[in-house]
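Visitor: model the structure of this input:
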Amino acid sequence: MGGRPPRQLSPDKEDFVIQTATTRPAKLGQPLTRWSLRKLAAYLRKVHGRVIRIRREALRRLLARRGITFQRTKACKESPDPEREAKLDRIEEVVDRFPDRVFAFDEFGPLGIRPAAGSGWARQKHPDRVAATYHRTHGIRYFHGCYSIGDDTLWGANRRRKGAANTLKGR
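Guide: Have a look, this model is predicted:
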């Protein structure tokens, strides 16, 4: 029963700890790829303007209580683009208003992306996905194609180079 009573953090400080734990260390200027409990506790002790002294076990319990777990991920499942929803809405509007249109696109690629595993602290069942890295073992290819909305048909060609000259070439 010895020792001093545990130090209580204010809800504001708890929120700051959670926000820091779920942020990649590189975004906070730290030369790390992910937080360990020891490194996170050390960082919180020296944050400018906000010193938070917390032991590793108390930090582990706080993260668990707030539903933050250490997770491993494979690759992106959703686009990180902040304008993603607006872009999808514009596409749906065009599809509904002009069903006889054909979309032409070029320089889609490089193809052959392989996912790279990652790990870090995130809300339970909501990991912060990391984009796949590009390992090109046999060079890269770009897909130049067209999509017909009315016919629901996609066609195109794979090319070694991107650019207008390759896009305008026939099949």
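Visitor: helices or strands up against the host helix or strand of A42?
Guide: Element membership for A42 (DSSP states H and E) is helix 37-45. Packing partners of helix 37-45 (3 or more CB pairs under 8 Å, 6 or more residues apart in numbering; DSSP states H and E): helix 11-21, helix 56-65. For every residue, glycine as well, the C-beta is placed using N, CA and C.
Visitor: what's next to it, contact-wise?
Guide: With contact meaning CB atoms under 8 Å, 6 or more residues apart in numbering, helix 37-45 is reached by 17, 20-21, 25, 28, 30, 32, 35, 51-56, 59-60, 121.
Visitor: try it again at 6 Å.
Guide: Surrounding helix 37-45, the residues in contact under the criterion CB atoms under 6 Å, 6 or more residues apart in numbering are A21, I52, R53, I54, R56, L59, R60.
Visitor: equivalent analysis for stretch 17-31, please.
Guide: Outside stretch 17-31, the residues within contact range by CB under 6 Å, 6+ apart are L32, W35, L40, R66, I68, W121, A122.
Visitor: need the distance between the two termini of that stretch.
Guide: Counting by CA to CA, to the nearest Å, the length from the leading to the trailing residue of stretch 17-31 is 19 Å.
Visitor: what sits opposite Q71 in the beta ladder?
Guide: Taking DSSP bridges as the rule, Q71 bridges to G120.
Visitor: about what we covered before: looking at the helices and strands packed on helix 37-45, which is nearest to R141?
Guide: R141 lies closest, by CB to CB, to one member of those: helix 11-21, at 39.8 Å.
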